[in-house]
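1. compute the structure for the input listed below.
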Amino acid sequence: MGCLTDCCLCPLLFWPALIGGAAYFLRKYMQGGQFTKQTDETGKVFIVTGSNTGIGKETVLEIAKRGGTVYMACRDMNRCEKARQDIIRESGNKNIFARELDLSSLESIRKFAAGFKKEQDKLHVLINNAGVMHCPRTLTKDGFEMQLGVNHMGHFLLTHLLLDVLKKTAPSRIVVVSSGAHTHGSINVDDLNSEKSYGKIAAYTQSKVANILFTRELAKRLEGTGVTVNSLHPGAVDTELMRYWSFMENSLIAFLVKPLQWTLFKTPRSGAQTSLYAALDPELKNVSGLYFSDCKAKDVSAAAKDDKAGKFLWAESEKWTGVNTSKLD
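-> Residues are numbered from 1 along each chain as shown. A predicted model of the protein is given here:
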């Protein structure tokens, strides 16, 4: 009788174990490419925007472990300082600095760049990591649609304000965090600022196309300077960026979706790997204008290769941010 009972229990024990094991191995597979090369970043200076949490924090942590000097450029200084202390404690590297940067304010961006230049005369890698996703329509302090304003326009200005230092420090790199979501987007030349109509997903994908168009155009303009620029897709990552997803607004649905997130989404550490690859891999020293995913070069959508749209975006970005790029050519 005891044997029969044990046999009856076997399926009840077998299926949960099988499902759990399958979920574990699927999660491991979904973490994607990993940057495993050992590099020494001692003496090199980095800026990582939006680095108090998620991919940005993990990027800083790994660079810190490799000896780099990192400026964490964040909007929320309380959270940034807490993250900085965490990173110093875990890496043993004290050359990690927290500085205020609000990418939704051109004034804040100019103030950050000026302050950085007073402290440093070199910059080896600028990682444009910060971003917002799927937020309700709001405007930056300068009247730009928030997703385009933060994800593209803010970084456009920041990059240009730091180009002189990057050129002086060459060989140096610019890394632009885009998204695979760019494949669903395009540049709306008739309503770039989403004033006629607004869709939070369309605005986000437009900003991610903008990241790649900016990268490609900037790469052309920086030929021969020793400064490279590449963009990337970090993967589907379980970070705070998901807070604006509509289903996450329902606490019950969010709770039920959690196991799927755990299985199918990358951890922030895994999400940082392609940023680290683009920023640190010695083999990419002279590589510019490409788009990476899972630590490999990947093709982009037709909209992200549209040179006409790229030139339009560049001209509009100059107007919106007040940058005169003719002085930089």
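
2. so where's the protein uncertain?
-> By pLDDT under 70, the low-scoring segments of the chain are 1-31, 236-264, 327-329.

3. please enumerate the strands of the stretch 1-150 of the chain.
-> Counting by DSSP state E, counting those that start in this stretch, the segments of the stretch 1-150 of the chain that form strands are 45-49, 69-74, 96-100, 125-128.

4. the ones you listed into a markdown table, with extra columns for distance to A279 and mean neighbour count?
-> C-betas here are computed from N, CA, C, even on glycine. Shown next, in a markdown table, are the strands of the stretch 1-150 of the chain (distance: least, CB to CB, whole Å; neighbours: other CB atoms under 10 Å):
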| stretch | distance to A279 | mean neighbour count |
| --- | --- | --- |
| strand 45-49 | 7 | 26 |
| strand 69-74 | 11 | 26 |
| strand 96-100 | 16 | 19 |
| strand 125-128 | 5 | 28 |
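
5. mind putting those strands in JSON lines, distance to I55 included?
-> Supplementary listing: those in JSON lines, determined by distance: least, CB to CB, whole Å:
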{"stretch": "strand 45-49", "distance to I55": "9"}
{"stretch": "strand 69-74", "distance to I55": "13"}
{"stretch": "strand 96-100", "distance to I55": "17"}
{"stretch": "strand 125-128", "distance to I55": "10"}
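
6. for M146, find the nearest of these.
-> Go through the strands of the stretch 1-150 of the chain one by one with CB to CB and the one that ends up closest to M146 is strand 45-49, at 15.4 Å.

7. which residues touch stretch 281-288?
-> Stretch 281-288 is contacted by residues 35, 37, 39, 171, 173, 219, 222-223, 228-230, 277-278 when judged by CB atoms under 8 Å, 6 or more residues apart in numbering.

8. T321: what's it in contact with?
-> Residues counted as contacts of T321 (CB under 8 Å, 6+ apart) are L106, M153, F156, L157, H160.

9. and it, backbone torsions?
-> Listed backbone geometry of T321 is phi -100, psi -10, with angles given as degrees, to the nearest 10.

10. OK, contacts around the closest residue to it other than its chain neighbours?
-> For T321, the nearest residue in space outside its immediate sequence neighbours is L157; the separation is 4.2 Å by CB to CB, 6 or more residues apart in numbering. The neighbours of L157, taking CB under 8 Å, 6+ apart as the test, are L106, I109, R110, T321, G322, V323.

11. circling back to that earlier point, among the contacts of T321, name the ones in helices.
-> L106, F156, L157, H160 (DSSP state H).

12. how about the first one: what's its closest non-neighbour residue?
-> Taking CB to CB, 6+ apart as the measure, L106 lies nearest to D142, with 5.2 Å between them; neighbours along the chain are not counted.
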